[in-house]
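got a predicted structure plus its sequence, pasted below:
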Amino acid sequence: MIHEGNGTAGSALRTQDEGLFRQDSAQLSKLSSVLNGLEGGAQIMQRHIDEALRAVRGGTYRVDPIQLSRRIVGEALGAL
């Protein structure tokens, strides 16, 4: 036979469960926000890639040699 007593333990468990639920909800909300931000960034990146691809295929893509050389030197110095 199960005896529940005065209900204090059950009330404490419900309060603890509600607190955990609120924490989980807040974390899921934050995760959703982060994922939405990543999706937005991925869409922007995809547009840039598509534009670059069209420019390359159309023969209008030009590389800035100074910017390219700076990037190469910067990457080489960063690898040291």
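That came in fine, so what should we check first? Numbering: from 1, shown residues only.

stretch 50-65 spans what distance, first to last residue?
For stretch 50-65, the first and last residues are 22 Å from each other (CA to CA, to the nearest Å).

can you give me the strands in this protein?
Shown for the chain, no strands are assigned by DSSP state E.

can you give me the helices in it?
8-58, 65-78 (DSSP state H).

can I get the ones you listed in CSV with mean neighbour count?
(C-beta placed from N, C-alpha, C; glycine too.) As requested, those are exported to CSV (neighbours: other CB atoms under 10 Å):
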stretch, mean neighbour count
helix 8-58, 10
helix 65-78, 9
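
just checking, which of those comes out with the lowest mean pLDDT?
Taking each of these in turn, the lowest mean pLDDT turns up on helix 8-58, with a mean of 87.

list the helices and strands that helix packs on?
With contacts taken as 3 or more CB pairs under 8 Å, 6 or more residues apart in numbering; DSSP states H and E, helix 8-58 sits against no other helix or strand.
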